[in-house]
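S.K.: any chance you could fold what I've pasted below:
(one chain, ligands or ions: 2)
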Amino acid sequence: MLLELKNVVAGYLRGVTVLRGVNLHVNAGELVCLIGPNGAGKSTVLRTVSGLLAPSQGEILFDGQNIAGLRPDLILQRGIAQVMQGHSAFPAMTIHENLLMGAYTLKDKTERARRLAQVYDMFDLLKVRQHSKAGNLSGGQQKVLEVGRALMINPRMILFDEPSLGLDPKMARMVFDTIKRLQTETGITVLMVEQNAKSGLAISDRAYVLELGRERLEGPANQLLNDPRVAQLYLGGSIMQEGDTADELEPVEEAV
Ligand SMILES: Nc1ncnc2c1ncn2[C@@H]1O[C@H](COP(=O)(O)OP(=O)(O)OP(=O)(O)O)[C@@H](O)[C@H]1O
Ligand SMILES: [Mg+2]
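M.R.: Ligands and ions are numbered 1, 2, ... in the order given. As a prediction, this is how the structure comes out:
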């Protein structure tokens, strides 16, 4: 087990508990998807792992060590990178410069060059367009750049918050392919939050359904994909129907 959350309780405002005792784990090399309705606490789970929010109770074990409440930079140093929701590339800088920013803490120039070469080997798109400004990339291409930038710190694990958000179906597919390649080609462990449950589950090994700050269902992704409870309880409709394509599944707004 690379990452384990044990009874994690967290919130933003005094007296308002958002995570009410979350238990989940991600094995080394696994791609785990976290789904659930709006406001369930999915992004909050990622924030507690990356150190942006300190849990008030519980443990977050990374490689057996409790990292709960550690500063974000120290968590990054331990090998957990996060690809945020929306865009975080610097639009006025080139792809090359953006990638170097990902490794700004790394003083060893040879190592930096080695990692850069690895990223270019893996993502031809970034290599070919390395001198263009990041702002000229499409939304999906910018996500690939963000993945490349995360790889520059040589992480053991990457957290993704809704990587397909705002992308058209073709771009979303490219981003999901990129995440799957990341897992299979580099062995990096992935925890991904995804609104597009069907596409998210399709590339994942295992998944959790979060509702009202607790994990309610857990299982192999392909099992959850066909679980009527997932459709019924959390997605307001079937996520697996004959002839249905991944991109037709729209998340359902739910008041919490
Ligand atoms: N910065 C904040 N300050 C106060 N409350 C917050 C903050 N961020 C989130 N919350 C509250 O915490 C709860 C969980 O939010 P969170 O963003 O984790 O949900 P989510 O599952 O990621 O939802 P979505 O699918 O809409 O992204 C919500 O009730 C939300 O209003
Ligand atoms: Mg969220």
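
S.K.: residues from the protein in reach of ligand 2?
M.R.: Contact residues, the chain versus ligand 2 (C-beta under 5 Å from the ion): 42, 43. Glycine gets a C-beta too; all of them are placed from N, C-alpha and C.

S.K.: now the strands: where do they sit in the chain?
M.R.: 3-10, 19-26, 31-35, 57-62, 65-66, 80-83, 157-161, 189-193, 206-211, 214-220 (DSSP state E).

S.K.: okay if I get those as TSV plus mean neighbour count, mean pLDDT and distance to ligand 1?
M.R.: Formatted as TSV, these follow (neighbours: other C-beta atoms under 10 Å; pLDDT from 0 to 100; distance: least, C-beta to the nearest ligand atom, whole Å):
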stretch	mean neighbour count	mean pLDDT	distance to ligand 1
strand 3-10	20	98	9
strand 19-26	20	98	8
strand 31-35	25	97	8
strand 57-62	18	98	16
strand 65-66	12	98	22
strand 80-83	24	95	13
strand 157-161	24	97	7
strand 189-193	24	98	6
strand 206-211	24	94	7
strand 214-220	16	94	12
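
S.K.: out of everything not next to it in sequence, what's closest to residue 27?
M.R.: Taking C-beta to C-beta, 6 or more residues apart in numbering, and ignoring the residues beside it in sequence, residue 27 has residue 1 as its nearest neighbour in space, at 5.7 Å.

S.K.: where does the stretch 151-256 of the chain have low pLDDT?
M.R.: By pLDDT under 70, the low-scoring segments of the stretch 151-256 of the chain are 233-256.

S.K.: where do the helices sit along it?
M.R.: 169-186, 197-203, 221-225, 228-229 (DSSP state H, counting those that start in this stretch).

S.K.: and ligand 1, which of those is closest to it?
M.R.: Distances from ligand 1 to each of the helices of the stretch 151-256 of the chain were compared using C-beta to the nearest ligand atom; the minimum, 11.0 Å, belongs to helix 197-203.

S.K.: do that closest one and ligand 1 meet at all?
M.R.: No - contact of helix 197-203 with ligand 1 is not found when judged by C-beta under 6 Å from any ligand atom; the minimum separation is 11.0 Å.

S.K.: which strands and helices sit next to that helix?
M.R.: strand 31-35, helix 169-186, helix 221-225 (3 or more C-beta pairs under 8 Å, 6 or more residues apart in numbering; DSSP states H and E).
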